Structures are given as C-alpha cells and as structure tokens.
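A.B. asks: below: sequence and its predicted model.
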Amino acid sequence: MAEFGSRGSGPRGGGVTSSPSPAHGKLAFKAGDGDGGGGGGGGPPRTHLDSASSGVSNGDCSLVGTKENTESAQPSSPAIERGYVPLQSEGKPGNPKKTSIIKDGSKQKRERKKTVSFSSMPTEKKISSASDCINAMVEGSELRKVRSNSRIYHRYFLLDADMQSLRWEPSKKDSEKAKIDVKSVKEVRTGKNTDIFRSNGISDQISEDCAFSIIYGDNYESLDLVANSADVANIWVTGLRYLISYGKHTLDMLESSQDKMRTSWVSQMFHETDVDSLGRISLCRAVQFIKNLNPGLKTSKIELKFKELQRSKDIPNIEVTKEEFIEVFHELCTRPEIYFLLVQFSSNKEFLDTKDLMMFLEAEQGMAHVTEEISLDIIHKYEPSKEGQQKGWLSIDGFTNYLTSPECHLFDPEHKKVCQDMTQPLSHYFINSSHNTYLIEDQFRGPSDITGYTRALKMGCRSVELDVWDGPDNEPVIYTGHTMTSQIVFRSVIDIINKYAFFASEYPLILCLENHCSLKQQKVMVQHMKKILGEKLHTQAPNVEESYLPSPESLKGKILIKAKKLSSNCSGLEGDVTDEDEGAEMSQRVGKEAVDQQNIAIVKRFQLCKELSELVSICKSVQFKDFQVSFQLQKYWEVCSFNEVLATRYANENPGDFVNYNKRFLARVFPSPMRIDSSNMNPQDFWKCGCQIVAMNYQTPGLMMDLNIGWFRQNGNCGYVLRPAIMREEVSFFSANTKDSVPGVSPQLLHIKIISGQNFPKPKGSGAKGDVVDPYVYVEIHGIPADCAEQKTKTVHQNGDNPIFDESFEFQINLPELAMVRFVVLDDDYIGDEFIGQYTIPFECLQTGYRHVPLQSLTGEPIAHTFLFVHVAITNRRGGGKPHKRGLSVRKSKKSREYACMRTLWIKTIDEVFKNALQPIRDATDLRENMQNAVVLFKELCGLSPVANLMQCILAVSSRLVRSDNTPLVLLNLNDQYPIMELQGIVPEVLKKIITAYETMIHAIKTLVENADNVYEKIVLCQKAGMEFHEHLQAIGTREGLKERKLQKAVESFTWNITILKGQADLLKYAKNEALENLKQIHYAAVSCGLNKPGTETSEGSKPHRSLEAIPEKAGEENGE
C-alpha cells in the first residue's frame, strides 16, 4: 500500500502532491444578460478574467482561471466599478480568504482593495443573527447566475430596503423585471439540486457548498446561483428563508428577535462580574471571563479585540462596559457555521426547541427513538442560560456546547468498550503488538528502559518482545544483541509486566521470548517467571483433537509465552533447537530462490532447557518453509515469524495463500533489522493479508503508529480486533492486493465535508511567520489498495482560530472493515509544511452527521480545545451496509446493470448447482437496484442530494404539499405498512412529478420487502448445495480428469462462487432492512410535519418487521460444511 508521504511522520509534513482540483479547469461563460436565456449585449463582447478583488475566495466555490464574455456595461455598473483582474495576480490561485465576514459600508464602497493586515480589523463582523444576514443581503453580493448549456453570468444581487424584492444588476431587462418578489418564493434549496444545475455542463466544477437555488412562481421556476464562498451562500439561504417564513412581518420579527435570551444571559454574567455595580469591569477581568467561556481562545486575541473596539470608538480605556462586553462576546464566541446549522432546524428562530432538536438528532445525527425527554436532557445539560433551561430552548451557545461535547465527537462511543465477538479462535483477530518493546529510541544505539513496557501495556499492547541474553551475576538481561543498546535486568521487566499486564485489557498477553541465554541463565528466567507471574502463565498443553486456537475470552487474564519448544520425544533435561535471532534472517537472500536458500542455509542451533520449554503451550515458534508444507504439516499451536521483507514478498506473490494460511495459524511480522532508526513498516500491508501480530516500534511516532493506535481503538482498546468475515471463513475468496471491489462485499461511499477548524496551535519550531497559521487539511483513506486515496482542502490564510474550509470529498470504500480515515492538518509554509495535528479512526467507528474531530499531537496526545468540524455521511454503491447508514445507488438502467457472475469449474455436477443460482442472483440485484434507483430519483425531485435520507426528503418537500392557508394538498395515509399519498384537491404539475416518483419508490420498496425472503432462500439453498461438495472437491476434480493447474483453478472458482452467493444473500438482507428503515423514516417525518392523515399516526408502518436471517459464518452439518 502506498504511504502518504511523510505527513505526521515527523515535525515536517510536506512532500505530498495532490491531484489538481477540477475547479482549475477552463470554463467558457456566455455573453449577454442571460435573464431570458438570450445571447449578446448591446455591443461586441469583451473578454475578462475573474476578479480577485470581487470576493472570489473559497477554493472550489470560485471558478478559478475561467474566462467570461460579458456585455458592455454602464459606467455605474458594479462590474465595471470593481474592475476585473486575473486571479493569478495574488500568487496562489483560488486561495481562500477569511470567511464568515461582512464588510461594513454602503453600495458606494463596493470596491475592494487589497490590504495587508496584521490584526483582526474592527470593521469585520461575524454572522450571528438573521438581522446580520438581512443587512448583508441589503448591501448585496456578487453571485454567479447559472443557466442551462453551461452559461454562467456574473451579477450583483441585493435585497430591496423594504425587503419585498430581490434584484440583480446589470441586466438587459427593465429594472422592474430584473427582480423576484419575495412573496412569490416557494423554497430556497441548497446545493446543486435543480434540473439546471444537473444538466449544466460545468456542474462538476461548481462547489456543492456554494450553490443554491431560489424556487419561485406558480410554475416553480428556479433561479440558480453560485456564491463566491459557502458563507455567502449560507447568508442568502438563511436570510431568504427568514423572509419566506415571516413575510411582511419580517421587520417586526427582526426587532423582536435580536436573540434576547442570549443577550440577557450575557448581561447577567456581566452584572455578576460587576460586583460593585459600576456598569464596567476591568479589561483583565473581562478577558478572563470570556476565556473561561471559550477556553480555546487566546488571551492576546481577546484583549486585542477589546482594544480595537475601543479604538474604533475613540474611547481607549482600561475598563469595559456592558455593551462592549456583549459585542466582543458575540464576535468571538459565535461560530457562524454553527449558527447557519441552527437556523436550518429552528424554523428561523434564534434557538432550537425540543421538537427542533429531536428533528436534528433524528434526521442529521442518525439517532433512533429520540423523545422530547432526551431533547430536554440535552438542553438541561448544555444550555448555559437559566431561561433556556426553563423553557426548553437551546441557544447558539448551548448548541455549540453540545456539538463540541464528546457526545458529538466523530468516534462512535459504542466502540469505546469491547463490542466484538471475543469467542473466535485467536487466529481470527488482529493483535496489538510491539517490537523491541524495551527500546525507547533507535535499535542500534538507543537506551533500553522498562518504561517501554509500561507505556506499551498501558496503550493496550497485547504482544511484547523480550530479547534475553546472559547477564552479569547470573541475572539474564534484555537488550538488542550485536548492537550498542543499553541493558535492563530481565527480572525487573517481568515485575513490570506482572504489574501492568492487564492494566488496559483483560485479554491474553503474549510474551515473544527471543532466547539467547545459556542453560544456567535459562533456569533463572524460568524461576523469575514462575515466581512473579505464577498462575497467570498459561502452560496447559494444546488439545490435539482441536483444529483452532482457543479464544481470547477463554484466555482472559493469561500470559502466553511464544518461544522455541523441545520436541515431544525429547527425554532429557535439555535439547537442541534452532536459533531464533531475528537479525540473522536478513542474511538470507529474499528472491525467487528464497525458500531453497532457507532449506540449505546453515542453521545455527542452541541448547534449550526443558523447564523453559514447558512454559510454552499454544505459541510454539517454528520456522516457515512454504505455504503448501504449512497447510499439510503445521499444527494450529505453532507460530511462524516473518521478516518484513519476506512477508512483503509473500503478500505480493501469494496473497490468497497468505490470507488462507492466517485463517488457522498465527503469523508474526517484525520490522527489518535494517531499520536501524527504528522506523515503522506500514501495518496495513500485512493486515490486508490477515497477519495477526504486526510488531511496531512504539517508540517511533508518525503515520504508521497513528494507523496502529487508531486501528486498535475500535474494540474498547482491548488489543484484539476481529478480522473481516471474508478473511476468517473457511470457504471465502479474497485477494489482499485487489484493486477493485471485493466479491460479496458491498462498496460504501464515504462523504466527508470539512467545515471548519478551531484553535489550531502554531507548529513547534516554526517561528518564521510569528503566530500566523495558514492551515489546510488532508483526508486520507488507508486500507486495501483499491481503497487508498487522499484529498486536500485549500489553504485558509492567516487564520488558525476558526478557519472555514467548507469543502466536500467523496471516497469509495471497497472493504469497509479494513479501512481507516486519517485527518491531517498542516501549516502551509514556503520552507516546508509543518504538522499541526492528526486524527486516525477506523471506518467502522465513524459516527455520521455533524461531528467534531479532536486532533492529536505527533505523539498521539490530545491537543487541548483543537478540533476539526466535519459532516459525515455513509451511503452504499448498490445497497447494503449498516441499516443506519443509508443506501445510495448509482442509477443504472436494467439493460446496463451489472450482475454478479458464477465461475465455471468444468466439473459438470457442481457447475449445474451453481447455474441454478444465476436467476436468484439476478432477481436479488433487480430488487435492490430498482429500490435504490427509485429512492435516488425521489431525492432529486425533492431537491436534495443522494446523501440525504428519506426523513429529510419528506421534511424538505412538506412546504410544497400545503396551500398558502396551510391546508394540505396531500396527506400520507399511514394505516398501511406502505404509506400512500392521497390528494386533497388539484395539485400543480410540478408536484405531480414528486407524487409519481414517491408512488414508484413505495412500489419498489413493497416489491423488495415482499419478495426478498423467497429470493434469499433460493440463494441460500444453492450455497448449501454447493457446500456439500467442499470436503471432497479435490477428489471429485481428479476423478473428472482435472490436474495440477486446472484442479487448482477449479478450487479457486468454487471458493469464488461460494463467496458470491453468501455476499449476494447478505446484500439482499441489508437491502430489506434498509427498505424497512425507509418506511419508518417516511412515517416519522409525516407525523412530525403534520402530513399524516388524521388518525393514522400509530400505523403498522412504524413497527419493526421480521428481517432476513444471516447465513451462519460457521456452517454446520446441515449446510454441508
């Protein structure tokens, strides 16, 4: 697997080149005013480049490097007033500037000049209320107006002062026609979710986060716009929705809704601080108070903000008034991205009530069974004002507190405890392992220290290494032989192991004993281990009648010794065994003749005492010869160690054999001794082959240790992670180096939006720019080769406090159970990009919705108050996945649909069995994809992206399903399991399309739910019939005349077919669960927005239904295994 450069592997994180953004392509903009779809203007077209000074700022939000033919404009036109200059004049095309900002000033001040600023200017104002949005709209913004056929026009949009009309200029139309009456606006839609956006030839080069559409008029026409930043788009969407909600009462509402609850709470805090009731407090006290409310803020920034505010009013003072305190609090403690999120769910109030919060938790955060009591509990826990707690209202501050709390962190709290089946054989788990545990620096000159064991065991490590040599005074010592590393006494290491063995995990600990001692000191080792470890040592002999190792559950509290063992026929007190010096393995040539070299190489031997041999039970160290020998002769309790170089060769040349070998036997992979700096190998390279014990140099931080630490978090950090089913099942087809989808596994789509960052520290040792931070974010996917990918945001300049990124990425994950997501934040520097922080998380531990990511330092320590704010959605390429992670389909017609195929074995009786599975597989695929296609079409017509769920769809379309007098045009009859839409009168043509799409979707869901069981049973029967041949497959093939390569190919094809059948059955099971989940969401949303037919709110649609049973992973006699 490719390593992603050196990000996070040292103080510097540069050296990675990302693919160019699609926004950097050239686009042709059509001349003319475009309001009626027409062409040129009143004169010959002129070619201009986008303006760097026009506010084009946020990466993909701007169409960088594009050319535009504009009509000749009047001198008073803002387009001429500002002038057009190349974006490239700023040195870095498309670099984002500060966002969440509104510049004060009248329309005469629209010209923006480049300035150099060394502090936050007092004229900058964050958006913290609907009033701020309306004021910004009245001032106006440059937006791009999108028409069909790739036509885009630059226009200046503004809201009339009376807030009745939206206008744009310049326009060829009469000024009274170049406007939209606010009262005619039906809906404001975010993203590229109209027919014009979807059909536009350059839609892929427009940021989803900067696009929005105004749906207006009786014919539901759309005005499709692109803002220069996501914040500008949010301002217009929020303001317009506010205007739609309150209409002619907007002014009254603005006056009455200046967030009195928040203001009164801040005022109360001020008065409590102003103990002498002087109406002012000291600057020092004011700064400390705001620091207490927002610990991540720098004291210097708070102090500077107060001084700038006073300087702007020409009232320098060492004391702060209540008004100044409130203004600075609003400025520093309001996160605009969270405010915009709040108003999406608050029905344009300045707070969330219990029902708003319930809807947010259900629709966005994926929480199930949310009640008003749960909402109230959250409000009482996180709302700072007493008024809010009493009324059940969550203010912007309470909402921010909740979203930054551990409840809303990215990591799923279910995985903070042991949550996997711990009763499988040891060989079915990845085991957290340490190499040269005693070292705290490099392995050539570095010191040895018992703290290495303490740290590793506290971190959940379950396999530590003891390299033991003869020491002075008949006391064995631990160090790296043939090097200059220091030594530590064996006895003190065993003491520490005894103390911390089960500190972080109760599951078995493996001591990898590399023994170089004389017989005399071997006996001393035995005495120390027996005396100190006592009953914890597992010395019970393996059961020869078993086929697999015992489980972690059955070995709780036990310490296993992995070492050499005398043969069973050795009758003396000692005997000869091969030396196990790992460093010696590098002397073997690793090439095509590697196996032969091992067989003829001179093998060093040494004497092993019987007492030490008897401490070894189920982890007997043996030398690996080749896979075929191991499959035939190796015992399940024997463990082979692989040098990193040799393991890499097997992973590349025999990936299938390596995976099958590791289903039954433990394999330990250790770093090459050539890594004298104790650098780490990539553990994913060996996990993908099923290698359980991948030994890491814990003393060396960086990307590889980030992966290791992140990976083992997922099962309560107990040191054991259950491998994917496809890597455990006796009959399953999986190649570690696959660069495509995995047979029988549904690919998932991961959608990540990097919204913002908070409180990024200045990287240590980079003082060239003072305290300035220019952050950007990498999102990396680590897993099988088909999944490895990375994406990078634009740089936000001079803002480490609250940089707004607003960039969305999508990744296809082919084997979710083996994938990890890593976020890396770097400081953009001309000399070399510096590491700020990172966070690595297994894909299976992701929580969907709006989440905060707590960043960690280079050594894995949490960085206080430092976060990324992200939105995560997980959908499926063709159905399946976790029920709460909604499905998505790539819409395909039935003719172009891809069906899973069966391979021919050229054994007639078996091929006939698999041929019977072809039709059920086609039926299962059609059922799944017909539903998925219908769901995606309904989402599109609702104006939402495929990432949305059906609850969000019903909520989004609900405003269109009622008349102006709030009487419903359509009601949902929830009496039936499959809710139907009943018309309550004549509906507009555009609504008929939505209703038709809904009926098609419900029909597809019904067809799937009612037929899934039957099709599932047919697939299972074919799988069982095929498995009846498994045990005697080799003999049957030989009888049919298949030899060597053809026989091997037949066995491989058989495994492939069984894997496909199991996978298709599982996908159908998941699709049915998803269909039932869709019905629940429709039911819940209909009740929530009052669209249910009276008396139908307790229908069967909300009740759980019987779901398909999974095929057992270990089939018994009944299925022929």
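C.D. replies: Happy to help now that I have it.
A.B. asks: which SS class is residue 467?
C.D. replies: Counting by DSSP: H, G, I helix; E, B strand; the rest coil, the backbone at residue 467 sits in strand.
A.B. asks: so the nearest residue to it once chain neighbours are set aside: helix, strand or coil?
C.D. replies: Spatial nearest neighbour of residue 467, chain neighbours left out: residue 514 (4.6 Å); criterion: C-beta to C-beta, 6 or more residues apart in numbering. The way it works is simple: take the backbone N, C-alpha and C, and place the C-beta from them, glycine included. Secondary structure, three-state DSSP: residue 514 is strand.
A.B. asks: against residue 472, how distant is residue 514?
C.D. replies: For residue 514, the distance to residue 472 equals 20 Å [C-beta to C-beta, to the nearest Å].
A.B. asks: and the two? which has more neighbours close in?
C.D. replies: residue 514 (24 against 8; other C-beta atoms under 10 Å).
A.B. asks: so that one touches residue 464, yeah?
C.D. replies: No: at 11.4 Å, residue 514 does not count as touching residue 464 under the criterion of C-beta atoms under 8 Å.
A.B. asks: quick check, pLDDT for residue 259.
C.D. replies: You'll see residue 259 listed with a pLDDT of 65.
A.B. asks: look up how far residue 620 lies from residue 610.
C.D. replies: In terms of C-beta to C-beta, residue 610 sits 14 Å off from residue 620.
A.B. asks: where does the stretch 1001-1121 of the chain have low pLDDT?
C.D. replies: Counting by pLDDT under 70, the ranges of the stretch 1001-1121 of the chain that qualify are 1096-1121.
A.B. asks: so residue 668: helix, strand or coil?
C.D. replies: Secondary structure state of residue 668, per three-state DSSP, is strand.
A.B. asks: give me the neighbour count for it.
C.D. replies: Neighbours of residue 668 using other C-beta under 10 Å come to 26.
A.B. asks: my read: it touches residue 640, true?
C.D. replies: Yes: assessed by C-beta under 8 Å, residue 668 is found in contact with residue 640 at 7.3 Å.
A.B. asks: skip the chain neighbours and tell me the closest residue to residue 947.
C.D. replies: Taking C-beta to C-beta, 6+ apart, and ignoring the residues beside it in sequence, residue 947 has residue 873 as its nearest neighbour in space, at 4.3 Å.
A.B. asks: ok, then the element right after the one helix or strand that neighbour maps to?
C.D. replies: Applying DSSP states H and E as the criterion places residue 873 in strand 862-876. Note on strand 862-876: by DSSP H and E, the next helix or strand toward the C-terminus is helix 908-915.
A.B. asks: after that next one, which helix or strand is next?
C.D. replies: helix 918-941.
A.B. asks: buried ones in that next one?
C.D. replies: For helix 918-941, the neighbour count (16 or more other C-beta atoms under 10 Å) marks 920-941 as buried.
A.B. asks: where is the longest helix in this structure?
C.D. replies: In the chain, assigned by DSSP state H, the helix with the most residues is helix 1044-1088.
A.B. asks: tilt between that helix and helix 908-915?
C.D. replies: Relative orientation of helix 1044-1088 versus helix 908-915 (axes from the mean of the first three to the mean of the last three C-alpha atoms, to 10 degrees): 20 degrees.
A.B. asks: next, the angle from helix 1044-1088 to strand 862-876.
C.D. replies: Orientation of helix 1044-1088 against strand 862-876 (the same axes, to 10 degrees) gives an angle of 100 degrees.
A.B. asks: quick one: low-confidence ranges for the chain?
C.D. replies: For the chain, the stretches with pLDDT under 70 are 1-125, 171-175, 248-259, 316, 442-446, 481-485, 580-603, 765-770, 877-896, 1096-1121.
A.B. asks: over to residue 810: give its phi and psi.
C.D. replies: Backbone torsions of residue 810, given as degrees, to the nearest 10, read phi -130, psi 130.
A.B. asks: burial count for it?
C.D. replies: By the criterion of other C-beta under 10 Å, residue 810 has 14 neighbours.
A.B. asks: in three-state terms, label the residue lying closest to it once chain neighbours are set aside for me.
C.D. replies: Nearest non-adjacent residue to residue 810, counting by C-beta to C-beta, 6+ apart: residue 751, 5.3 Å away. Recorded secondary structure, residue 751: strand (three-state DSSP).
A.B. asks: go on, residue 276?
C.D. replies: Classification of residue 276 by three-state DSSP places it in coil.
A.B. asks: that one: what's it in contact with?
C.D. replies: Residue 276 is in contact with no residue at all, counting by C-beta atoms under 8 Å, 6 or more residues apart in numbering.
A.B. asks: show the backbone phi and psi for it.
C.D. replies: Backbone torsions for residue 276, taken as degrees, to the nearest 10, come to phi -90, psi 0.
A.B. asks: and for residue 516?
C.D. replies: Here is the backbone geometry of residue 516 (degrees, to the nearest 10): phi -120, psi 20.
A.B. asks: burial measure for it, as a count.
C.D. replies: Summarising burial for residue 516: neighbours were counted as other C-beta under 10 Å, giving 16.
A.B. asks: start at 626 instead
C.D. replies: With 626 as the first residue, the last one maps to residue 1141.
A.B. asks: if I look at it, how far off is residue 1094?
C.D. replies: 5 Å.
A.B. asks: likewise for residue 1161?
C.D. replies: Per C-beta to C-beta, residue 1161 is found 24 Å from residue 1094.
A.B. asks: residue 960 now?
C.D. replies: Per C-beta to C-beta, residue 960 is found 58 Å from residue 1094.
A.B. asks: which of the two has more neighbours?
C.D. replies: Between residue 960 and residue 1094, counting by other C-beta under 10 Å, residue 960 is the more crowded of the two (27 against 18).
A.B. asks: and that one, what does it touch?
C.D. replies: Counted by C-beta under 8 Å, 6+ apart, residue 960 has contacts 1025, 1381, 1383, 1427.
A.B. asks: who touches residue 1376 in this structure?
C.D. replies: Contact analysis of residue 1376 by C-beta under 8 Å, 6+ apart lists 1433-1435, 1496-1500, 1572.
A.B. asks: next: residue 1273.
C.D. replies: Taking C-beta under 8 Å, 6+ apart, we find residue 1273 in contact with residue 1310.
A.B. asks: quick check, it in a helix?
C.D. replies: Yes: counting by three-state DSSP, residue 1273 is part of a helix.
A.B. asks: gap between it and residue 1364?
C.D. replies: Plainly put, residue 1273 is 17 Å away from residue 1364 if you go by C-beta to C-beta.
A.B. asks: next one: residue 1669
C.D. replies: Applying C-beta to C-beta to residue 1669 and residue 1364 gives a distance of 28 Å.
A.B. asks: again, but for residue 783
C.D. replies: 52 Å.
A.B. asks: please apply the same query to residue 912.
C.D. replies: Distance, residue 912 to residue 1364, by C-beta to C-beta: 56 Å.
A.B. asks: again, but for residue 1026
C.D. replies: If you measure residue 1026 against residue 1364 using C-beta to C-beta, the figure is 45 Å.
A.B. asks: do the same with residue 805
C.D. replies: Taken as C-beta to C-beta, the span from residue 805 to residue 1364 is 50 Å.
A.B. asks: more neighbours: which of those two?
C.D. replies: Neighbour count, other C-beta under 10 Å: between residue 805 and residue 1364, residue 805 has more, with 18 against 11.
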